[in-house]
Every structure is written in C-alpha cells, then in structure tokens.
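Student: The following comprises the amino acid sequence and a computationally predicted model.
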2 protein chains.
Amino acid sequence: MLVDERRHRIAQLVLAHGAMTVAELSRRLGVSAVTIRSDLEALEKQGILKRNRGGAVAPQVLRFAPAFQEKTSLHRQEKERIAELAAQIVEDGEWIILDAGSTTLFLARRLRDRRLTVLVNSVYALNELVGAPNIELIAIGGSLYEPGLSFVGPLAESFLEGLHVDKAFLGVNGVDLRGISVNNAQEAGIKRRMINAAEEVIVLADSSKIGVSSFVTIAPLKRIHVLITDSGAPGELLQEFREAGLEVLVA
Amino acid sequence: MLVDERRHRIAQLVLAHGAMTVAELSRRLGVSAVTIRSDLEALEKQGILKRNRGGAVAPQVLRFAPAFQEKTSLHRQEKERIAELAAQIVEDGEWIILDAGSTTLFLARRLRDRRLTVLVNSVYALNELVGAPNIELIAIGGSLYEPGLSFVGPLAESFLEGLHVDKAFLGVNGVDLRGISVNNAQEAGIKRRMINAAEEVIVLADSSKIGVSSFVTIAPLKRIHVLITDSGAPGELLQEFREAGLEVLVA
DNA sequence: TAAAGTTTTCGTAAGTAAACGTAAGCAAAA
DNA sequence: TTTTGCTTACGTTTACTTACGAAAACTTTA
C-alpha cells in the first residue's frame, strides 16, 4: 500500500469514527505505531485531523457560540462608530425595530437611557435593554435561531404582521447596487417583514460589507432609506448608492 | 478514550443537562476527579462552559441571574419536587408551553436533555433552554413585563392564536374551588390564551397557593386537567378538587 | 446574627505506566 | 550505490493516578 493511500484511509477512519487510537490504526493497516504517528503528524499539518496522545480526533465541530465575544468582534471600532451615528437619528418617543447582529447590539446599548418603544429580535438585545427605565420593550417571538440568538420562522414573521414602526435598524451581510443581502435564508424572511413594517429603513453595515453580495438578497436599494457605514467604504460606490436615492452616512 | 474525545463528551453532557458535577462526570467517564477538573479548566478556557465549585454549568447567555434568588426562593424544595413530577408527565416529541414563574423554571431545567418543542414565556426559561441539543425553542413574543421577565400584552396573546400544543404548564398565585387565579391583570390574559392553546392544562402550585384566591381568576377548575402540588396541601380540599374532575398529583 | 466546627471540593505534588520522538538498522526500489 | 519507507530499540515526555494540605461551603452552636 502506498503512503498516500494509507494516509487517506487513516483520515477516513478518523473522520468516520470521530477518533482513532494509534494502536487500532496500526492493527487495521498492518504497519507499526511509529509509522502511524508519522502519518498522523503529516495529516495534522494538513489540518485534516487533530493529534492527541494515543491517537487522533476529527477537528472539533462542537463550538457552542460563546455569547458572541464582543471584544474580539471583527471591525469592532467601526461598528461602535456606526452605532453612535445611528443613535443620533433616533428621536425620543419613536417606535423602532432593532434587528439581531453585533452592530445593532452596540446601538441597543446606546439607547438605554432614551424614551422609546423598541421591538428587538435577539436575546442579546433583550438582555441589553431590560430594566431601562423609559423603554417599552417588546420581543419579537418565534423560533430561536442559535447562531445569533435571533427569532426567526413563520411565527416571528406573522408577529410583525400589521405592525408599523417609525424606523427599523437592520444588520446585513452585504450591500451592493442590487440591494442588501444576508447569508442565510432563515433570517432573510424576518428581515423582509421588518422592512415592510417600517416607515424608514436604516441599514447598518461596516465597510467590509459594502460592495459585497451575500447568499439571499432581501430587498433592492430602493426599499432602503439610509445606509450607515464607516470611512473604509469605497467612495465611488457610496456615490452610486446616493445616486440611486439612498442617504449614505459615514461614521 | 482520547483526551479530546472525553472533553467533547463532557461538553455535550454539560450543555445537555445545563450542569454537571465533577463526581458525576468522573463516574460516567471513568476517570478521576482531578482529570475532570483539568478538562473543565480547558473547556472553560475555550468558553464552552463555566466552572463552579462542584462542577460546571453551561454558559449563561444573559448576564442577569434570575431576580428571584433560586436558593432563597420561597418553598424551593416543594417547587423542585413539583417540577420533578411535572417532568415525568412530559413525553418526548411533544409540543409544550412553559409559563413564566419559578416552579416552571425548575421544570425547564429538567427538560434540557429531552427531545421537545417548547414555547417559553419568560426570558429566564429561554436562557435555561438555549443550547439544549434536542429542543426546538420558541419564544412567545410581546411586551416585556419586568417582574418575572415574561411576555404579555396583546402581541403576546395574538402570538398564541391558532397555535395548538400538547400540554401547557402554568404557574399561578391561587387555586381554589372557583378556579385558578393570579395577582395581576397583565399576566392573566396571556395565561388564558395558553389554556386555550393546550390539549392538556397542568397547573403547578405549591401548597401555599392551595385554597387561595388571588386578584384575577383566569379559568374555572373544569378548564384544568392536572394539578401538581406538594404534600403540605390540605387533603380535604384536594379531595374536593378531585371530585370536581381534576387529576391531583402530590409530589 | 456571628462564631466555631464539619464536610466537601480544590489545587498541587509525587509516582507510574503508556505513548512519544529519535535513532539505528534493514530491505526493496531507483 | 543511494534513496525511500519501514522496522525495532530506547531514553524522554505526558496524561493520569493517588495522596494531602488549603480553601470554600454548609451546619451547628452560642
């Protein structure tokens, strides 16, 4: 048996079983433990598996999203600045929808001492606004979607039916001339309902998302009223957005 | 068993049950307590769980602990026993509604490792069940009512419209021959809807609530199917409940 | 309520057996 | 012959165990 052939089989065995011992692999493939170890070393270098004393395991997929680590959040400073600017366009007494996402979470924090009615779509935002003295806090219900602890599905969507708010603050994965897009179908539906329910739609997207088209397009640009981004976004594209009728604010 | 394999199992056990003791993990995995502790230390570093004296718990999504301090909760032991009995009548695969309240919260904790669809009506219960591997978790939306972080109001009520579940577990403030009652009008409405939505209504009430009539009566006894209480409840009254057609379980 | 005593859990250290890496040696292919 | 891919041999490292003093949590007593 050729080296690569054996290594391929080892990889298959480890991935299929989740874990394999050196002794077991040695027995099954008819080579010594030393050989297996060198194979595992090579496979680990390729990132195919993870070595352990005694054998190897399949790369971990478990990873329970630990309450999304704010501090390590990508583009955190940009998001904070965007949130600050967004907070300025919220007026006291308004009814607003706060979508799930890290940028909108930063916004929630800045709204705690305001007088507002806020519909939130994530457990994190709920957490952030509980106990705020002048906020009438409403949770959009529905199936809990774990990645961002947001509410999705038909129940969430019909919750918004017939509701009307002044502003909706949306987080998205991409904004380009074709519109705004997100990377999963689950959240697409509820975001569309938010857009329908709002008098004014404000999209919060840091510059890494500008010019990007993600999996599902949820609305064309003409359904959006304001885009808030940071100074890292390409100026020409922002100009094109403006010509398409979008108000673009740069934090 | 390889190190990472064992740690993966520990993570699964802790996430499924919400919490695990060092002793129990040691017993189940066949390694010493010292080894378990070092595993927990490693898993905590990865943010997968949180250590505490005696074992580890699943990471809490929310930063606030239940307002009603569990350990000092009035009649805690009775409530725990009631929750235990309630958990026994839940069958895998069912759709259930979990009302807000401390007793139902204890019940939520006992359902973490079951396979269920659960509609919850409080942020605490949501927190308790997030990350449970086999639970489809649905939040009833609506205005947040701070005392118990429960969802109330017309939006919460219409959320339940048209929904149908196998069982609803209700917490109340009083149960007497006239029916079940609670001490505020806000929660009365949503509880009535829960009763309407459920095939079987199970009321959880420790003995301090038996024979008590509170502010708003939400349903007559004939709308209730099962009452679970503790042995401190007066036997004659329970007998009268039974004669009124109620199934009474004493924990 | 506070203090004292008891129990449980924790972290550290020393000991041990299994697994490791390295090196030397051997056989087949280039 | 040299190179490649494997073996066995052996000193080193590692993960785990048991043991024990320290710290924390719970109970009892004043």
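Tutor: That came through, no problem. What you see is a predicted model; the values in this text were computed from it and never measured.
Student: and the longest helix belonging to chain A, what other elements does it pack with?
Tutor: Secondary structure of chain A per DSSP state H: the longest helix is helix A:3-17. Here helix A:3-17 touches strand A:19-21, helix A:22-29, helix A:33-45, strand A:55-57, going by 3 or more C-beta pairs under 8 Å, 6 or more residues apart in numbering or on different chains; DSSP states H and E. Quick note: C-beta positions are derived from backbone N, CA and C, even for glycine.
Student: could you dump the ones you listed to CSV with mean neighbour count?
Tutor: Output for those, formatted as CSV (neighbours: other C-beta atoms under 10 Å in any protein chain shown):
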stretch, mean neighbour count
strand A:19-21, 22
helix A:22-29, 16
helix A:33-45, 16
strand A:55-57, 25
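Student: For residue B:90, find the nearest of these.
Tutor: strand A:19-21 (33.8 Å; C-beta to C-beta).
Student: Residue A:226 contacts residue A:249, doesn't it?
Tutor: Yes - with contacts counted by C-beta atoms under 8 Å, residue A:226 reaches residue A:249, the gap being 6.5 Å.
Student: joint contacts of these two?
Tutor: Shared contacts of residue A:226 and residue A:249 (C-beta atoms under 8 Å, 6 or more residues apart in numbering or on different chains): residue A:89.
Student: Now do stretch A:86-96, average pLDDT.
Tutor: Averaging pLDDT along stretch A:86-96 yields 97.
Student: could I have the helix or strand residue A:156 falls within exported to CSV, CA atoms only?
Tutor: Using DSSP states H and E, residue A:156 sits in helix A:153-159. Extracted C-alpha coordinates of helix A:153-159, given in CSV (Å, rounded to 0.1, in the frame of the first residue of the first chain):
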residue,chain,number,x,y,z
GLY,A,153,-39.6,31.5,11.2
PRO,A,154,-43.3,31.9,10.4
LEU,A,155,-44.3,32.7,13.9
ALA,A,156,-41.7,35.6,14.1
GLU,A,157,-42.8,36.8,10.7
SER,A,158,-46.5,36.9,11.5
PHE,A,159,-45.7,38.6,14.7
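Student: For it, which helices and strands make contact with it?
Tutor: Packing partners of helix A:153-159 (3+ C-beta pairs under 8 Å, 6+ apart): strand A:142-145, helix A:185-197, helix B:153-159.
Student: how near is the closest residue in space to residue A:35 that isn't next to it in sequence to residue A:32?
Tutor: Spatially, and ignoring its direct neighbours in sequence, residue A:35 is nearest to residue A:26 (7.6 Å; C-beta to C-beta, 6 or more residues apart in numbering or on different chains). For residue A:26, the distance to residue A:32 (C-beta to C-beta, to the nearest Å) stands at 6 Å.
Student: what do you get for residue A:210?
Tutor: Counting by C-beta to C-beta - residue A:210 and residue A:32 are separated by 56 Å.
Student: cool, and residue A:179?
Tutor: Applying C-beta to C-beta to residue A:179 and residue A:32 gives a distance of 60 Å.
Student: Up against DNA strand C, what does chain A have?
Tutor: Contacts of chain A with DNA strand C, taken as C-beta under 7 Å from any atom of the strand, map to A:21, A:22, A:23, A:33, A:34, A:37, A:41, A:51, A:52, A:53, A:54, A:55.
Student: mind listing what the last one touches?
Tutor: Residue A:55 makes contact with A:19, A:20, A:21, A:22, A:23, A:24, A:25, A:40, B:2, according to C-beta under 8 Å, 6+ apart.
Student: again, only using 7 Å
Tutor: By C-beta atoms under 7 Å, 6 or more residues apart in numbering or on different chains, residue A:55 lies in contact with A:19, A:20, A:21, A:22, B:2.
Student: same deal with the first one?
Tutor: With contact set as C-beta under 7 Å, 6+ apart, residue A:21 has these partners: A:54, A:55.
Student: And residue A:242, by the same measure?
Tutor: Counting by C-beta under 7 Å, 6+ apart, residue A:242 makes contact with residue A:248.
Student: sec struct for it, please.
Tutor: helix (DSSP: H, G, I helix; E, B strand; the rest coil).
Student: still on that earlier bit, nearest to residue B:80 among the residues of chain A next to DNA strand C?
Tutor: Among these, and counting by C-beta to C-beta, the member closest to residue B:80 is residue A:52, at 39.6 Å.
Student: Now that closest one: closest residue in space that isn't a chain neighbour?
Tutor: Among residues not flanking residue A:52 along the chain, residue B:2 sits closest, at 4.3 Å (C-beta to C-beta, 6+ apart).
Student: Contact partners for the one you found?
Tutor: A:19, A:52, A:54, A:55, A:57.
Student: same question, residue A:10
Tutor: Applying C-beta under 7 Å, 6+ apart, one finds that residue A:10 lies in contact with A:25, A:39, A:43.
Student: With residue A:50 instead?
Tutor: Residue A:50 makes contacts with A:44, A:56, A:57, A:59, B:4, as judged by C-beta under 7 Å, 6+ apart.
Student: How about residue A:230?
Tutor: By C-beta under 7 Å, 6+ apart, the contact list for residue A:230 reads A:78, A:81, A:82, A:206, A:207, A:250, A:251.
Student: State which one residue of the stretch 151-251 of chain A is found closest to DNA strand C.
Tutor: residue A:151 (35.8 Å; C-beta to the nearest atom of the strand).
Student: Which neighbouring elements make contact with the strand or helix carrying that residue?
Tutor: Assigned by DSSP H and E, residue A:151 belongs to strand A:150-152. The contact analysis (3 or more C-beta pairs under 7 Å, 6 or more residues apart in numbering or on different chains; DSSP states H and E) places strand A:150-152 against strand A:142-145, helix A:185-197.
Student: in the longest one, what counts as buried?
Tutor: Right, helix A:185-197. Residues A:187, A:188, A:189, A:190, A:191, A:192, A:193, A:194, A:195, A:196, A:197 are the ones in helix A:185-197 that count as buried (16 or more other C-beta atoms under 10 Å in any protein chain shown).
Student: roughly how far out does it sit from the chain middle?
Tutor: Distance, stretch centre to chain centre, for helix A:185-197: 15 Å (C-alpha atoms, centre = their mean, to the nearest Å).
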